[in-house]
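Visitor: please work out how this folds:
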Amino acid sequence: MKITQTTRILALSGVMLWGLLAAAGCGKKPAGTASAPPEVSVVVTQPQHVQITTELSGRISPHLLAEVRPQVGGIIQKRLFTEGSEVQAGQALYQIDAATYQTAYDSAKAALAKAEGNLIPARLKEERFRELVTIKAVSQQEYDDANALFKQAAAEVAATKAAMEAARINLDYTRIAAPISGRIGRSAVTPGALVTASQASPLATIQQLDPVYVDVTQSSAELLRLKRDLAAGSLKNDDASQAKVTLLLEDGSVYPLEGALKFGEVTVDQDTGSITLRALFPNPKQLLLPGMFVRAVVQEGVNGEAILVPQRGVSRNPKGEAVVMVVGAEEKVEPRVIKVSRTVGDNWLVDEGLQAGERVILEGLQKARPGTTVKAVPFGGKPEASPAGAPQSSTVKK
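Guide: A predicted model of the protein is given here:
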């Protein structure tokens, strides 16, 4: 009975082994048949003319700003403008009680008349003595005294004229005028308020809003890079100090008028390591208001040999370096470390690592292992028809 059972077990094991060998034999592909290389979509890098821009944050500043302050003290009698309106340079804004200043002016005017009256006899006496001294009718001492009195009277006239002019100026200052043209804000005082000469707080503020300045900040490192690129010729700009600027408003819309870069600060802020750039923008409809936050897009120049790579084809290695997969010699995949500086639309601008004419893989990256032989097709092109019976390839977009 034991022999019969052992025989059965051996027979069953033989059958199973034969079945496995047969299955393995059936799974083998016919000799001479090789699997087709995986298909990847590539883009060929080509030099392009690219307008290089930098987006910087900033705020609106008025073109001209004047704080209205009194130059003499007194009681405000009238406010002569409408708050929030446009005023012109020289337009009367406030009237200070002028009674005391009018009295001072009248007094100075009278003092001048008196001094001019004293000058007449002194001048006539000096003229007579000048003739008499030549014929020895009067002594030289008498003429000298007459001449001195005449000069004193003339000096008195000049002093009283100056005093009268000062009184007139103070009288004019009781009419507070706009120093510049622009839009005036709210008034800080009302009629009846007491003001003093050159007080710290302004009575009102006038701002000229057409044109306006846009003050933005840029890191000193970025400025150095821009200057190096311009010096090396990789960027071309006729006049970097007059670069064109466009604005993005707070709601994301684009301001319709274009501005120009006018000024760059010569000192780096020690706290932030940045400098201030100032652009001038027309503002005929006064859409741009002081203090408004905007983003300025500064046109730095044109790169005539720019290499662009779609962002979808760039990844990062564990070191944080930008890496692309390219189809190199013998149609094999090669990883390539590149250096990118900025985005241009949905592309990366490549500074180092790629040359013109190289094929960068955009689709099929899951099959594009380094060293793998692949079949490169143009990105976005129609795939070739697969031969009958061949397995269909699927592409996963990344």
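
Visitor: okay, now the sheet partners of the longest strand along the chain, with direction.
Guide: Longest strand in the chain, counting residues (DSSP state E): strand 48-68. Counting by DSSP bridges, the strands paired with strand 48-68 are strand 204-219 (antiparallel), strand 293-310 (antiparallel).

Visitor: how far off centre is the longest one?
Guide: Taking the mean C-alpha point of strand 293-310 and that of its whole chain, the gap between them comes to 14 Å (Cα atoms, centre = their mean, to the nearest Å).

Visitor: with the first one instead?
Guide: Average the C-alpha atoms of strand 204-219, do the same for its chain, and the two points are 11 Å apart (Cα atoms, centre = their mean).

Visitor: can you give me the helices for the stretch 201-350 of the chain?
Guide: Assigned by DSSP state H, counting those that start in this stretch, the helices in the stretch 201-350 of the chain fall at 220-232.

Visitor: in it, where is pLDDT below threshold?
Guide: 226-242, 265-266 (pLDDT under 70).

Visitor: try it again at 90.
Guide: Within the stretch 201-350 of the chain, the stretches with pLDDT under 90 are 210, 215-246, 250-252, 259-279, 286, 296-336, 338-350.

Visitor: could you confirm Ala115 falls within a helix?
Guide: Yes. Assessed with DSSP: H, G, I helix; E, B strand; the rest coil, Ala115 lies in a helix.

Visitor: how far away is it from Ala104?
Guide: Ala115 sits 16 Å away from Ala104, going by Cβ to Cβ, to the nearest Å. C-beta: built from backbone N, CA, C; applies to glycine.

Visitor: same deal with Pro310?
Guide: For Pro310, the distance to Ala104 - Cβ to Cβ - is 80 Å.

Visitor: the residue lying closest to Val337 once chain neighbours are set aside: neighbour count?
Guide: The shortest distance from Val337 to any residue other than its chain neighbours is 5.0 Å, reached at Glu321 (Cβ to Cβ, 6 or more residues apart in numbering). By other Cβ atoms under 10 Å, the residues close to Glu321 number 13.

Visitor: which one of Pro310 and Ala104 is surrounded by more residues?
Guide: More crowded of Pro310 and Ala104, by other Cβ under 10 Å: Ala104, with 18 against 15.

Visitor: next up, the contacts around the more buried one.
Guide: 167, 170-171 (Cβ atoms under 8 Å, 6 or more residues apart in numbering).

Visitor: swap in Glu222?
Guide: Residues near Glu222 by Cβ under 8 Å, 6+ apart: Thr54.

Visitor: quick check: it vs Ala177, distance?
Guide: 45 Å.

Visitor: and Ile120, that one's in a helix?
Guide: Yes. Counting by three-state DSSP, Ile120 is located in a helix.

Visitor: report pLDDT for it.
Guide: pLDDT recorded at Ile120 is 93.

Visitor: burial of it, as a residue count?
Guide: Ile120, neighbours per other Cβ under 10 Å, totals 10.

Visitor: quick one: contacts for it?
Guide: Per Cβ under 8 Å, 6+ apart, neighbours of Ile120: none.

Visitor: wait, Gly73 touches Ala193, no?
Guide: No. With contact defined as Cβ atoms under 8 Å, Gly73 does not reach Ala193; the gap is 11.3 Å.

Visitor: higher neighbour count, those two?
Guide: Gly73 (17 against 14).

Visitor: which residues does the residue at minimal distance from the centre of the chain form beta bridges with?
Guide: Closest residue to the average C-alpha location of the chain: Val216 at 3.4 Å, with Cα atoms, centre = their mean. According to DSSP bridges, the partner residues bridging Val216 are Gly58, Leu277.

Visitor: isn't it up against Ser57?
Guide: Yes. Under the criterion of Cβ under 8 Å, Val216 makes contact with Ser57 at 6.5 Å.

Visitor: which neighbours do those two have in common?
Guide: Ala296.

Visitor: right, and Val50 touches Ile307 too?
Guide: No. Look at Val50 against Ile307 with Cβ under 8 Å: they stay out of range, at 9.4 Å.

Visitor: picking up where we left off before, tell me who's in contact with the residue nearest to the centre of the chain.
Guide: Counting by Cβ under 8 Å, 6+ apart, Val216 touches 56-58, 276-279, 296, 298.

Visitor: list the buried ones in the helix or strand hosting Asp106?
Guide: Using DSSP states H and E, Asp106 maps to helix 99-134. By 16 or more other Cβ atoms under 10 Å, the buried positions in helix 99-134 come out as 101, 104-105, 108, 111-112, 115, 119, 122-123, 125-126, 129, 133.

Visitor: turn the residues you listed into CSV, columns for distance to Val314.
Guide: Formatted as CSV, the entries for the buried residues of helix 99-134 read as follows, by distance: Cβ to Cβ, whole Å:
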residue, distance to Val314
Tyr101, 76
Ala104, 80
Tyr105, 79
Ala108, 82
Ala111, 87
Leu112, 86
Ala115, 89
Leu119, 92
Ala122, 96
Arg123, 96
Lys125, 102
Glu126, 98
Phe129, 103
Val133, 105
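
Visitor: which one of these is nearest Ala204?
Guide: Tyr101 (21.6 Å; Cβ to Cβ).

Visitor: leaving out sequence neighbours, find the closest residue to that closest one.
Guide: In this structure, Tyr101 finds its nearest non-sequential neighbour in Leu171, 4.4 Å apart by Cβ to Cβ, 6+ apart.

Visitor: what secondary structure does the one you found sit in?
Guide: Reduced to three states by three-state DSSP, Leu171 is helix.

Visitor: so what's it up against?
Guide: 98, 101-102, 104-105.

Visitor: sorry, back to before: out of the strands paired with strand 48-68, which is the most enclosed?
Guide: strand 204-219 (a mean of 20; mean count of other Cβ atoms under 10 Å).

Visitor: quick revisit: pick out the most distant pair among the contacts of Leu171.
Guide: Between any two of the contacts of Leu171 (Cβ to Cβ), the greatest distance is 10.0 Å, for Ala98 and Ala104.
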